[in-house]
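Chemist: Sequence first, predicted coordinates after that:
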Amino acid sequence: MALLDVTDLATHFFTREGVVRAVDGISFSLERGETLGIVGESGCGKSVTALSIMGLIPKPPAKIVSGSVVFDGTDLVPLPEKRLEDLRGREIAMIFQDPMTSLNPTLTIGTQITETIRRHYDVSKQDARKKAIELMEEVQIPRASERLDDYPHRFSGGMRQRVMIAIALSCDPKLLIADEPTTALDVTVQAAVLDLLDDLRHRHEMAMIIITHDMGVVAEAADDILVMYAGQIVEQAPVHELFDHPEHPYTEALLGALPQIEGEGIRSGRLTAIPGRPPDLIDPPVACRFAPRCPYASDNDTCATVMPELREIRKEHWVRSAHPVSQRTGRLAGSEVPV
Amino acid sequence: MSTNGALLRVEGLSKHFPIRAGVLFERTVDAFRAVDDVSFEIAEGETLGLVGESGSGKSTTGYCILQLLKPTEGTVNFMGTELTALGREDMRRMRRELQIVFQDPYASLDPRMTVGDIVSEPLVVHSIGTRRDRRSRVRELLEVVGFNPSFTNRYPHEFSGGQRQRIGIARALALSPKLIVCDEPVSALDVSIQAQILNLLKDLQRDFGLTYLFIAHDLAVVRSMSDRIAVMNRGKLIEVGPAEEVYTNPREDYTKALLSAVPVPDPRAMKERKAARRKLRHALAEG
């Protein structure tokens, strides 16, 4: 049995302007110890997916209108808040993009770590403190025992994210959801935090969902990747398969839009820009949501009239498009061999 | 490096911010060296990329060149004129040639001004053309940057980040400047939109012979835009050279560490890169 099974999850926001279909029918599963990367641009629904799993969406205006989130055999969607609170932090932990705002500036780091431990375990203050120091050492915060009584403002951005990770680890969760964990950090600090997360998930045999807009980050951190666009999954595949042979025109375009760090003709070349911008999720296109920006959609196909299904084009490789690369070109992306 | 043909020559540029202490008798106890003895040149028509992490002093360097901040020391020679010696009025005139595009297209456009007013403001400030001339110039500028000119009477909040950045670029172009300082112009934008803006900046450079000082923290973005690249760390310029050379054969350990830390969208290359960057991190921590 998978650790997490999300089936047909839809989270909508009921606003004055209309119903925003932020997450619109997504399904995926995550095995124990595996890392899933969810990648997409702003507003694609990747963060709302994470918050829906955690039961942290703001209600109202948001509501899970359909689907189930089965974690370790239990559907979390109908669970009362009290039960979710027991689960959050203990079984599923989450770290956020901005370590500046997710720590309480008026409490010491020590208080904030021990608070989580004592919320879930019946231990003395001293024991919780000892455990907190161990955790800080594990996330490589120098001089842990001295720094325990410092307030968050004394820590740099990277160190604060390490504190958040220490809190997340405090109850040995089975699943860690990291929502843009390194976006606010400098590139060298980002690398250190990603390396740390990689070490920790192996040591704690923890499954991880890493949510990011950065193709580079998922390429290095994830085993499987979901590409989201306008509230839907448009492509899903194991990491090597996705980067070697992307199928969806959106994924293909996203990779083409990324500036490269090495190669020929970078300075003189142009990037493959995707014209336009993602659709409004109050009234999204009834058919393919990428069709208005897709270079391959035309009047002779069904892109504007029929919503393409998410179908398995190769083993474990799913795509939602009428014009996947291999069918359009007769060969896999980046390969000369005909399919 | 030849000094002929340099449009901009920066020498020994420093910007120190005082660190004060004491409550009643506040005094300066030390100085924070945001920019520390930085020298470089930019030739006409070229792009110099300035990379570094937050706090490295790259934006402060840009502001000191534009005299938006007064440098503590050093000279900024632009087209043969020493900018640090110019009076207010002369500097104001000089700004026709030196413009800036800011990072945050949400904060850098006045929400109470229409798109048309924003783009024509530089023309008004410098008393260029009649009202009618300016109106047609605004339409022309908006067209150049790929922004629908029929939206001149709308307000910035009605547009997305990418569209707003186009407005900011049109404003920077209004006075036909020689040099544009681009301060993290795409870091607030999504990848697909970022590509649109980077392509636009490349097209404008080609069409109008612009010179860019391109400041960014994203090493791939800087690489795609720059002829030469300067790397800053803690206020100092630690390495400068042709883009290709700095990236494939960096001299400084810091530059190596920076480059090895970039996550590349290629899972097969990642394993090697990860091992390399761990090693460099240890080397830097010990050295």
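Modeler: Now that the structure is in, tell me what you want to look at. All values derive from a computational prediction rather than experimental measurement.
Chemist: Now do B:L86 against B:K70, distance only.
Modeler: B:L86 sits 11 Å away from B:K70, going by Cβ to Cβ, to the nearest Å. Yep, even glycine has a C-beta here, placed from its N, CA and C like the rest.
Chemist: Pull the contacting residues for A:V239.
Modeler: A:G37, A:V218, A:A219, A:A222, A:D223, A:D224, A:I225, B:P267 (Cβ atoms under 8 Å, 6 or more residues apart in numbering or on different chains).
Chemist: cool, A:G269 as well?
Modeler: Counting by Cβ under 8 Å, 6+ apart, A:G269 has contacts B:S224.
Chemist: my read is it is in a helix, agree?
Modeler: No - when the secondary structure is assigned by DSSP: H, G, I helix; E, B strand; the rest coil, A:G269 falls in coil instead of a helix.
Chemist: which element is A:C303 on?
Modeler: Assigned by DSSP states H and E, A:C303 falls within no helix or strand.
Chemist: For it, give me its contacts.
Modeler: By Cβ under 8 Å, 6+ apart, the neighbours of A:C303 are A:A287, A:C288, A:A291, A:C294, A:A297, A:A322, A:H323.
Chemist: try B:A34
Modeler: Residues counted as contacts of B:A34 (Cβ under 8 Å, 6+ apart) are B:K15, B:H16, B:F17, B:G57, B:T60, B:G235.
Chemist: Show me the contact partners of the host helix or strand of the fifth one.
Modeler: Secondary structure here is read from DSSP H and E; on that basis B:T60 sits in helix B:58-65. Under the contact criterion Cβ under 8 Å, 6+ apart, helix B:58-65 has outside partners B:8, B:10, B:13, B:15, B:34-35, B:38, B:50-52, B:69-71, B:74, B:76, B:78, B:83, B:98, B:100, B:181, B:183-184, B:213, B:215, B:217, B:232.
Chemist: Tell me the helix or strand right after it.
Modeler: Immediately after helix B:58-65, counting by DSSP H and E, sits strand B:73-78.
Chemist: list the helices and strands that next one packs on?
Modeler: strand B:6-21, strand B:27-43, helix B:58-65 (3 or more Cβ pairs under 8 Å, 6 or more residues apart in numbering or on different chains; DSSP states H and E).
Chemist: Kindly reformat the ones you listed as JSON lines and extend each row with mean pLDDT.
Modeler: Shown next, in JSON lines, are the helices and strands packed on strand B:73-78 (pLDDT from 0 to 100):
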{"stretch": "strand B:6-21", "mean pLDDT": "93"}
{"stretch": "strand B:27-43", "mean pLDDT": "92"}
{"stretch": "helix B:58-65", "mean pLDDT": "95"}
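Chemist: okay, these, which one's buried deepest?
Modeler: helix B:58-65 (a mean of 24; mean count of other Cβ atoms under 10 Å in any protein chain shown).
Chemist: now the angle from that one to strand B:73-78?
Modeler: Relative orientation of helix B:58-65 versus strand B:73-78 (axes from the mean of the first three to the mean of the last three Cα atoms, to 10 degrees): 70 degrees.
Chemist: Helix B:58-65 versus strand B:27-43: what angle between them?
Modeler: In terms of direction (the same axes, to 10 degrees), helix B:58-65 departs from strand B:27-43 by 80 degrees.
Chemist: since we're on A:D283, how many residues are nearby?
Modeler: Other residues near A:D283 come to 12 when the count uses other Cβ atoms under 10 Å in any protein chain shown.
Chemist: quick one: the nearest residue to it once chain neighbours are set aside from chain B, how far?
Modeler: Of all residues not flanking A:D283 in the chain, A:G18 sits nearest, at 6.9 Å (Cβ to Cβ, 6 or more residues apart in numbering or on different chains). Counting by Cβ to the nearest Cβ, to the nearest Å, the gap from A:G18 to chain B is 18 Å.
Chemist: burial of A:G18, as a residue count?
Modeler: A:G18, neighbours per other Cβ under 10 Å, totals 13.
Chemist: do the same with A:K125
Modeler: 10.
Chemist: can you tell me which of the contacts of A:C303 are in helices?
Modeler: Using DSSP state H, no member of the contacts of A:C303 falls within helices.
Chemist: Reformat those into TSV and put pLDDT next to each item.
Modeler: What follows is the contacts of A:C303, written out as TSV (pLDDT from 0 to 100):
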residue	pLDDT
A:A287	92
A:C288	94
A:A291	93
A:C294	92
A:A297	90
A:A322	92
A:H323	93
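Chemist: now, among those residues, which is nearest to B:S108?
Modeler: Checking those against B:S108 with Cβ to Cβ, the nearest one is A:C294 at 32.3 Å.
Chemist: okay but the closest one is in contact with A:C288, surely?
Modeler: Yes - at 7.1 Å, A:C294 counts as touching A:C288 under the criterion of Cβ atoms under 8 Å.
Chemist: more crowded one of these two?
Modeler: Each of A:C294 and A:C288 has its neighbours counted (other Cβ under 10 Å); A:C288 has more, 27 against 22.
Chemist: Now do the contacts for the more buried one.
Modeler: By Cβ under 8 Å, 6+ apart, A:C288 lies in contact with A:C294, A:A297, A:C303, A:A304, A:V306, A:M307, A:P308, A:R320, A:S321, A:A322.
Chemist: roughly how far out does stretch B:76-85 sit from the chain middle?
Modeler: Centroid separation for stretch B:76-85 versus its chain: 18 Å, with Cα atoms, centre = their mean, to the nearest Å.
Chemist: Burial check on the one residue in chain B that gets nearest to chain A, number of neighbours?
Modeler: At 3.2 Å from chain A, B:P263 is the closest residue in chain B, using Cβ to the nearest Cβ. By the criterion of other Cβ under 10 Å, B:P263 has 25 neighbours.
Chemist: same deal with the one 4 residues further on?
Modeler: By the other Cβ under 10 Å criterion, the neighbourhood of B:P267 contains 22 residues.
Chemist: Show the pLDDT at it.
Modeler: Turning to B:P267, the model gives it a pLDDT of 88.
Chemist: likewise the one 3 residues further on?
Modeler: Per-residue confidence (pLDDT) for B:M270: 81.
Chemist: what about the chain, any weak spots by pLDDT?
Modeler: As the question left the chain open, I've gone with chain A. Nowhere does chain A drop to pLDDT under 70.
Chemist: please go with chain B instead
Modeler: In chain B (pLDDT under 70), the answer is B:1-4, B:287.
Chemist: now B:Q196, nearest residue through space, not along the chain?
Modeler: A:A273 is the one closest to B:Q196 (Cβ to Cβ, 6+ apart), at 4.1 Å.
Chemist: Also A:S335?
Modeler: The nearest residue in space to A:S335 (Cβ to Cβ, 6+ apart) is A:H245, at 7.0 Å.
Chemist: what's the answer for A:L254, then?
Modeler: B:V191 (6.0 Å).
Chemist: How many residues are close by the one you found?
Modeler: 23.
Chemist: got it, and A:R293?
Modeler: 18.
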